[in-house]
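In: Here is the input, now give the coordinates:
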Amino acid sequence: MKNLILAASLVLASCASTSPGSVPTAPDGPVVRTIERVLQRTEAYMAAPEQLIPLTEQDRSVIEAAIMTARVMTSMPEADGSMLLVTMTGIMGLHDSYLMMDLSLDQLEREIYLEDTARLRSLFSSVNIHASLVAN
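Out: The predicted structure follows:
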């Protein structure tokens, strides 16, 4: 039930964007909360003593910079959906890879966590589709 409400909120948020291609990023809104959950989980996996996915220093720096960029973008009243997609794509991919390799999660936990990135991908894609339709 909670997931349905959050999914509906994300869809409404994409429709209520103030300009085509924008994502509302109210500090306590559903989009920012979902992005922050993904960022925090990714950071926790990266900081864990037992590395599920070994990262080079360069990879780690790129992901950390992307995380910082995503947080800066979500601190504004709205963010460009295509830029959020570009910024979040690598983070979401790493997040999902960590979840798939984490044997301490049961299937339900894994699916719930994976829904966060699925909703974000869907939101960013739908906002980008609306932006391209307006541009044409």
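
In: And the helix or strand where residue 65 lies, what does it pack against?
Out: Taking DSSP states H and E as the definition, residue 65 sits inside helix 57-74. For helix 57-74, the packing partners by 3 or more CB pairs under 8 Å, 6 or more residues apart in numbering; DSSP states H and E come out as helix 30-47, helix 81-101. Every residue, glycine included, has its C-beta placed from N, CA and C.

In: ok, for the spatially most central residue of the chain, nearest residue in space, not its chain neighbours?
Out: When the chain is reduced to its mean C-alpha position, the nearest residue by CA atoms, centre = their mean turns out to be residue 35, at 4.1 Å. With CB to CB, 6 or more residues apart in numbering as the criterion, residue 35 has its nearest non-adjacent residue at 5.6 Å, and that residue is residue 74.

In: Contact partners for the one you found?
Out: For residue 74, the contact set (CB atoms under 8 Å, 6 or more residues apart in numbering) comprises 25, 31, 32, 35, 36, 84.

In: again, only this time at 6 Å
Out: Applying CB atoms under 6 Å, 6 or more residues apart in numbering, one finds that residue 74 lies in contact with 25, 32, 35.

In: for those, which one is nearest residue 80?
Out: Nearest to residue 80 among those, counting by CB to CB, is residue 25 at 10.4 Å.

In: Surely the closest one touches residue 80?
Out: No - counting by CB atoms under 6 Å, residue 25 stays clear of residue 80, with 10.4 Å between them.

In: Compare these two (neighbour count), which wins?
Out: Higher neighbour count among residue 25 and residue 80: residue 80, with 21 against 18, using other CB atoms under 10 Å.

In: so the more buried one bridges to which residues?
Out: Beta bridges link residue 80 to residue 22 when assigned by DSSP bridges.

In: Since that was my last question, I'll sign off now.
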